[in-house]
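Engineer: fold the stuff below for me.
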Amino acid sequence: MRRGSDNIYHHILIGLETEIISSTDPSLENIKGIVVDETARTLKIYSPDDNKIRIVSKIGTVFKFKIPETMEEIIVMGDRLLGRPGQRIKKVIRI
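Structural biologist: Below is the predicted model of the structure:
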């Protein structure tokens, strides 16, 4: 199954390019990087601009992910990504 805006919640996010659009922590806004790890409540994002890995809470954060297969950019509410990656992939998302 290809990743896209209709099914991004059912896929692993590790390896995707991302940008933080908004956050409850204003110092994280506009950070760009690559997702290197994911937990139930956080994403670890490597930013090549300053060579840092940041741990970002999913709660209260809006992310923009770039899908490499289609070059599509998808805006995702972090609250909808909550849960362990393996569990989230299996879960049916109701909109």
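Engineer: can you map out the strands along the protein?
Structural biologist: In the chain, the segments counted as strands under DSSP state E are 17-22, 32-38, 42-47, 52-57, 62-67, 72-77.
Engineer: do you know how far residue 47 is from residue 80?
Structural biologist: Separation of residue 47 from residue 80 (C-beta to C-beta, to the nearest Å) stands at 23 Å. Any C-beta I mention is one placed from the backbone N, CA and C, and that applies to glycine too.
Engineer: pLDDT weak spots in the protein?
Structural biologist: Filtered on pLDDT under 70, the chain yields the residue ranges 1-7, 88-95.
Engineer: kindly recompute the last result at 90.
Structural biologist: When residues are selected by pLDDT under 90, those of the chain lie in 1-13, 49, 67-72, 80-95.
Engineer: ok, now which ones touch the closest residue to residue 17 other than its chain neighbours?
Structural biologist: In space, residue 17 comes closest to residue 66 once its chain neighbours are excluded; the distance is 4.2 Å by C-beta to C-beta, 6 or more residues apart in numbering. Counting by C-beta atoms under 8 Å, 6 or more residues apart in numbering, residue 66 makes contact with 16-18, 72-74.
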